[in-house]
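[1] can't give you the sequence, but here's the structure:
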């Protein structure tokens, strides 16, 4: 039985299969409306999340399945001191597949070792968030038509942003992808990403501070939010939060085909005036998130059935 | 000169960095073995200046020595049978180490679930990098 802990758990071929399936779901949703009739998805969310949890629930409902679970640790047995291992053993008796979000890194992996149903990591602390990466890849491939030969700008909090780290990991597997890393000095990508991932794999990249300088050459701009919860003092956060604001004026510097992505929620790093620009695809990205989660649920259930 | 009797069957762990023998004693769980153990500290060594030595009289399939490779792969392991050295074991870095070092990442699941084993995986042999199996935090202790 397979689980999904990291986007790199999937080979490029397996990833392509899931993205192909997601595109087919997008084109023919009615063909998939009863694929999970009688099946249940458990959403174990030990910390609040609106988008990811609802996206999973929407995905399972679109497949004809049902959903059960909890949306905070306080409303689960964790509040009574139950371990993740015990909870997953219990949930395995109630559901056919589960998505787990936990503030502690590695919690979904612990769950997967004790589970008799497929486990999907729906975000573990600052570690991994593989379904966001699948969403990003599906959005890019669907709207650009490819995952290779791209110049990708990553902007904002590149230090703490797990979505950025996962996306870099996933995209270096495709040929001729270049990265432009746009961040203030304090929020540069961690050295292990620079040294162990980019340099080690001889990936073309550069680091810049000014967004304006990077925009003309980008095929994609991946904006991120500066996350208040990652800072130990409010002063640093206030200083950083307005560092990058993408507005109409800056968008005028970008090419006509450059796409703007954002994992959401946004605060003020993308001005609302950009929302109507056809290059702003972050709300389409949310829709692709549902398609790719549907494809992932179907794929993991298919792999489970093969091994049963 | 200190004399410790020759072994009939067992292990001689030589060229241990001076002062590390007690750590190895604990890691190998020698305190739990019902056999003769000699620990020689600060012995004179031409190669190292000072060194520690551990001699263990026990059947030669008793000890799991993988962990020694993690602690110090320069340790010489002599395996003794019928009073003679039958093998000099080469130490390598173990692929995985369990409950020897602890993950110090406060965001790791091991920080709140006490019953979990602390497992580290060798992710970069050349640079001797171990990472926590759960959160992938690099071990900085060595």
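    Received it, and whenever you're ready, just let me know what you need. Fair warning: this is a prediction, and the values are worked out from it, not measured in the lab.
[2] which residues in chain A form strands?
    Assigned by DSSP state E, chain A shows strands spanning A:40-45, A:66-70, A:97-102, A:119-124, A:150-155, A:177-182, A:205-208, A:220-223, A:259-261.
[3] May I see the buried residues of stretch A:167-186?
    Of the residues in stretch A:167-186, those scored as buried under the neighbour-count criterion (16 or more other CB atoms under 10 Å in any protein chain shown) are A:167-172, A:174, A:177-184. In this view, the C-beta of every residue, glycine as well, is placed from N, C-alpha and C.
[4] what about it and chain B, any contact?
    No. Remark: stretch A:167-186 sits outside contact range of chain B, by CB under 8 Å from any CB of the partner chain, the gap being at least 11.5 Å.
[5] First residue to last residue on that stretch, what's the distance there?
    Taking CA to CA, to the nearest Å, the first and last residues of stretch A:167-186 lie 20 Å apart.
[6] Show me how far it is from its chain's centre.
    Relative to the mean C-alpha coordinate of its chain, stretch A:167-186 is positioned 15 Å out (CA atoms, centre = their mean, to the nearest Å).
[7] Take the strands of chain A and write them to CSV, including distance to residue B:38 and mean pLDDT.
    Output for those, formatted as CSV (distance: least, CB to CB, whole Å; pLDDT from 0 to 100):
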stretch, distance to residue B:38, mean pLDDT
strand A:40-45, 53, 97
strand A:66-70, 57, 96
strand A:97-102, 48, 97
strand A:119-124, 47, 96
strand A:150-155, 59, 98
strand A:177-182, 57, 98
strand A:205-208, 57, 97
strand A:220-223, 62, 98
strand A:259-261, 66, 98
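[8] returning to what we had before: between which two of the buried residues of stretch A:167-186 is the distance greatest?
    Greatest spatial distance in these: A:174 and A:184, 28.2 Å, computed using CB to CB.
[9] ok, residue B:85 touching residue B:77?
    No. The pair formed by residue B:85 and residue B:77 falls short of the contact definition of CB atoms under 8 Å, at 10.2 Å.
[10] so what's in contact with the two at the same time?
    A shared contact of residue B:85 and residue B:77, defined by CB atoms under 8 Å, 6 or more residues apart in numbering or on different chains, is any residue touching both; here these are residue B:12.
[11] the more surrounded of these two?
    In terms of neighbours (other CB atoms under 10 Å in any protein chain shown), residue B:77 is the more surrounded of residue B:85 and residue B:77; the figures are 18 against 11.
[12] Ramachandran angles for that one?
    According to degrees, to the nearest 10, the main-chain angles of residue B:77 amount to phi -110, psi 110.
[13] mind listing what it touches?
    In this structure, residue B:77 makes contact with B:11, B:12, B:13, B:14, B:65, B:68, B:88, B:89, B:91, judged by CB under 8 Å, 6+ apart.
[14] mind checking how far it is from residue A:125?
    When CB to CB, to the nearest Å is the yardstick, residue B:77 and residue A:125 sit 40 Å from each other.
[15] Over to residue A:258?
    Relative to residue A:125, residue A:258 is positioned 32 Å away (criterion: CB to CB).
[16] ok, now residue B:9?
    If you measure residue B:9 against residue A:125 using CB to CB, the figure is 50 Å.
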